[in-house]
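Asks: Got a predicted model here, sequence first, then my questions.
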Amino acid sequence: MSLDVQAIREQFPILQQTAHGKPLVYLDNAATTQKPMAVIDAVDNYYRTQNSNVHRGAHYLGDLATAALEDARLSVARFLNAEREEVIWTKGTTESLNLVAYSFGGSQLNAGDEVLVSTLEHHANIVPWQQVCERTGATLKVIPLATDGSLDLSGIDNLLTGNTKILSIAHASNALGTLNPVAELIAKARKVGAYVVLDGAQAVSHFSVDVKALDCDFYAFSGHKIFGPTGIGVLYGKKELLNAMPPYQTGGEMIETVSFEKSTWNRLPYKFEAGTPHIAGTVGLGAALEWLMAQDREAIWEHEKALLAYATEKAKAFPGLRIIGDAEHKVGVLSFLIDNTHPSDVGTLLDQQGVAVRTGHHCTMPLMAALQIPGTVRASFAPYNTHADVDALFAGLEKIIKFL
């Protein structure tokens, strides 16, 4: 079944406007996605009719807000095929990964242990592990890159050993779009007794994710990359691990009892939710996931793959353009450079033509160093993008080449 892209576009009011007097062509979805009216209405309705703090209020609005937040948690649980108490609210993927690194990693790692990441990782899946390794005496090791932008797994059995305590890896690369073979890596990690953390920020909007089927220990994603609000994210964790982990932050909802002699912690999931949560954000994220689950996910995935194939074909035919990352399996990301131009110049000139892309190192400096480049121009696709959007990108690039 083909995707009715126009029907989807009509649900995103921001796409109906112009930029610099030109029709807006939004191709920066890997940085943040736009929001459908279902999400905008849900957040608006929360502030208009439900606004209150949650769990502790003994009044009507408090009950409404609490129900809205917990309904959103159930939406996340259905979305991931997780249990309700395994869904932790965070500010986003970055905080989720920090929570795992400092709470789980900090309590599990010792001198001689190893944490394995990959060259493709976002800084948020590198720096927390660096910090925890420095504190515990563990060692950070890295899976290298193949020439096509996929992971070089030829030496994986020498990297993933009995010393490996944690494997933390992106489900898909934000900079290149590479879709990593996480099922294969999880199976290998299980053989050596390693725990697995997946950064799902660039995966969940493109295709269905089942954490039980994957058998990962932790999974993190952000609301704003999956049609929801900014400032809200999710950490999934297996409940037996979450129960055993020390709190990441303290105060507010995560408290059970406090005395000057000792404090005790609330049950899951509240144990990791100190302070007042981003309630409107949870409501918006729940609405985003319900909206997405009501779509034909397979049709979305096929549509985005077709867009990427079309863009890749045009890129290969474009004089002086070099695709950065041409792995066989990718999500909808086209990263590239054009001879004798700087990525930021290309991005600025595309913007003047109404085409929004991302330029720079994409928070993947080690990856750019491995590729020996300063950064890339990145176009990234969502269900509301069209072949006409791709045409506009390359028409813009043609004008830029003539201008420069």
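Replies: Now that the structure is in, tell me what you want to look at. Residues are numbered from 1 along each chain as shown.
Asks: Would you mind giving me the confidence score for M1?
Replies: Here, the pLDDT recorded for M1 equals 61.
Asks: again, but for A111
Replies: Note on A111: pLDDT of 98.
Asks: so it sits in a helix?
Replies: No. Applying DSSP: H, G, I helix; E, B strand; the rest coil, one finds A111 to be coil, outside a helix.
Asks: Next, count neighbours for it.
Replies: By the criterion of other CB atoms under 10 Å, A111 has 9 neighbours. C-betas here are computed from N, CA, C, even on glycine.
Asks: the strands in the stretch 151-300 of the chain, which residues?
Replies: With DSSP state E, counting those that start in this stretch as the criterion, the stretch 151-300 of the chain has strands at 164-170, 195-199, 218-222, 233-237, 255-258, 263-265.
Asks: Ok, which of the ones you listed comes nearest Q295?
Replies: Closest to Q295 of the strands of the stretch 151-300 of the chain, according to CB to CB: strand 218-222, at 17.2 Å.
Asks: Other residues contacting the closest one?
Replies: 80, 90, 92-94, 96-97, 100, 104, 195-201, 203-204, 209, 211, 232-238, 241 (CB atoms under 8 Å, 6 or more residues apart in numbering).
Asks: Can you list the strands that that strand pairs with?
Replies: Counting by DSSP bridges, the strands paired with strand 218-222 are strand 195-199 (parallel), strand 233-237 (antiparallel).
Asks: what residues are up against G360?
Replies: Contacts for G360 (CB under 8 Å, 6+ apart) come out as P343, S344, G375, T376.
Asks: One more: V331?
Replies: With contact taken as CB under 8 Å, 6+ apart, V331 is in contact with A172, G177, L179, Q202, A203, H206, E304, L308.
Asks: now T33
Replies: T33 makes contacts with S205, H224, K225, I226, F227, A382, as judged by CB under 8 Å, 6+ apart.
Asks: Would you map out the domains in this structure?
Replies: Domain ranges of the chain: 5-30+296-403, 41-293, per automatic domain parsing.
Asks: So which residues of the stretch 1-150 of the chain form helices?
Replies: Using DSSP state H, counting those that start in this stretch, the helices found in the stretch 1-150 of the chain span residues 5-9, 37-45, 60-80, 93-99, 106-108, 127-136.
Asks: got the ones you listed as TSV, with distance to L337, mean neighbour count and mean pLDDT columns?
Replies: What follows is those, written out as TSV (distance: least, CB to CB, whole Å; neighbours: other CB atoms under 10 Å; pLDDT from 0 to 100):
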stretch	distance to L337	mean neighbour count	mean pLDDT
helix 5-9	29	15	97
helix 37-45	35	17	98
helix 60-80	36	18	97
helix 93-99	27	25	98
helix 106-108	39	16	97
helix 127-136	26	18	98
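Asks: With respect to M368, which of those helices lies nearest?
Replies: helix 127-136 (15.4 Å).
Asks: how about the CA coordinates for that closest one, as CSV?
Replies: Once non-C-alpha atoms are left out, helix 127-136 reads as follows in CSV (Å, rounded to 0.1, in the frame of the first residue of the first chain):
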residue,chain,number,x,y,z
VAL,A,127,31.3,11.4,26.4
PRO,A,128,29.2,10.0,29.3
TRP,A,129,31.1,6.6,28.8
GLN,A,130,34.4,8.4,28.7
GLN,A,131,33.6,10.1,32.0
VAL,A,132,32.4,6.9,33.7
CYS,A,133,35.5,5.0,32.5
GLU,A,134,37.8,7.7,33.9
ARG,A,135,36.0,7.4,37.3
THR,A,136,35.9,3.6,37.4
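Asks: What helices and strands are in contact with it?
Replies: Applying 3 or more CB pairs under 8 Å, 6 or more residues apart in numbering; DSSP states H and E, we find helix 127-136 packed against helix 106-108, strand 114-118, strand 139-143.
Asks: what's next to that helix, contact-wise?
Replies: 97-98, 100-102, 105-106, 109-111, 113, 115, 117, 138-140, 166, 168.
Asks: let's see 6 Å
Replies: Helix 127-136 is contacted by residues L97, N98, A101, G105, G106, L109, V115, L140 when judged by CB atoms under 6 Å, 6 or more residues apart in numbering.
Asks: quick one, what contacts I169?
Replies: I169 makes contact with S118, according to CB under 6 Å, 6+ apart.
Asks: swap in the one 10 residues further on?
Replies: Residues in contact with L179, defined by CB under 6 Å, 6+ apart, are A172, H329, K330, V331.
Asks: Out of those, the closest to G21 would be?
Replies: For the contacts of L179, the nearest to G21 is V331 (31.6 Å; CB to CB).
Asks: hang on, the earlier thing: nearest to L393, out of the strands paired with strand 218-222?
Replies: Closest approach to L393 among the strands paired with strand 218-222 is made by strand 195-199 (27.0 Å; CB to CB).
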